[in-house]
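1. only geometry, no sequence info:
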């Protein structure tokens with residue numbers, strides 16, 4: 001069992017190390033842990049393979065350009081958001097508001113940037129069908145999302161409001177994924193890629 005203190009220490013150390021991880025990989029042990037939770041048919045493709053797939057369409061997340069068969073003119077088709085999206089978004093907004101009220105004195109210098117960062121990432125996170133979500137402000141410069149899913153799956157996402165200080169791009173986050181309190185993987189990913197792949201993983 002990995003204690004919250006160990007998890008927090010691990011994430012803090014990662015945030016302080018200026019590294020860039022270009023690809024996601026799993027050890028044999030982590031692969032075994034995931035496979036224990038799924039039948040072979042359900043586990044035809046791992047989440048990590050899905051994360052790396054179809055990256056070219058990320059810029060068309062909210063809209064798709066579709067060519068017309070008759071006129072040749074392009075038409076815009078709006079993607080449908082999940083039915084739970086609005087409830088999820090409101091849930092984490094409420095959690096964020098409570099956190100702001102608790103830490104308003106200590107974060108007043110970075111309040112604007114913290115709020116802007118939350119607004120950017122919260123819409124992506126709300127597309128994940130979580131059962132419970134919580135938002136924390138860590139050391140006045142990081143946002144930490146804790147998301148609980150069915151099947152004792154837990155996803156932690158940490159987003160720095162100063163990514164350039166740790167040689168991250170503006171979209172990169174650190175994530176840790178657990179099943180039944182066992183750490184499956186912890187790595188760096190752009191949050192649009194992470195949420196897109198994790199949605200596919202949950203649908204398997």
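-> Looks like it came in fine. Values in this document were obtained by computation on a predicted structure and should not be read as measured data.
2. and the lengthiest helix in the chain, what does it pack against?
-> Ranked by number of residues, the top helix in the chain under DSSP state H is helix 85-103. When contacts are defined as 3 or more Cβ pairs under 8 Å, 6 or more residues apart in numbering; DSSP states H and E, helix 85-103 sits against helix 111-125, strand 132-138. For glycine as for every other residue, the C-beta is placed from the backbone atoms N, C-alpha and C.
3. residue contacts, the closest residue to residue 134 other than its chain neighbours?
-> Excluding the flanking residues, the one nearest residue 134 by Cβ to Cβ, 6 or more residues apart in numbering is residue 146, at 4.5 Å. With Cβ atoms under 8 Å, 6 or more residues apart in numbering as the criterion, the residues that contact residue 146 are 132, 133, 134, 135, 136, 154, 155, 156.
4. hmm, the second one is touching residue 91, no?
-> Yes. In this structure residue 133 lies within contact range of residue 91 using Cβ atoms under 8 Å: 5.6 Å.
5. for the two, indicate the residue with more neighbours.
-> Between residue 133 and residue 91, residue 133 has the larger neighbour count (other Cβ atoms under 10 Å), namely 22 against 17.
6. JSON lines for the contacts of residue 146, including distance to residue 124 and pLDDT?
-> Shown next, in JSON lines, are these (distance: Cβ to Cβ, whole Å; pLDDT from 0 to 100):
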{"residue": "132", "distance to residue 124": "18", "pLDDT": "95"}
{"residue": "133", "distance to residue 124": "13", "pLDDT": "96"}
{"residue": "134", "distance to residue 124": "16", "pLDDT": "97"}
{"residue": "135", "distance to residue 124": "14", "pLDDT": "97"}
{"residue": "136", "distance to residue 124": "18", "pLDDT": "97"}
{"residue": "154", "distance to residue 124": "18", "pLDDT": "97"}
{"residue": "155", "distance to residue 124": "12", "pLDDT": "97"}
{"residue": "156", "distance to residue 124": "15", "pLDDT": "97"}
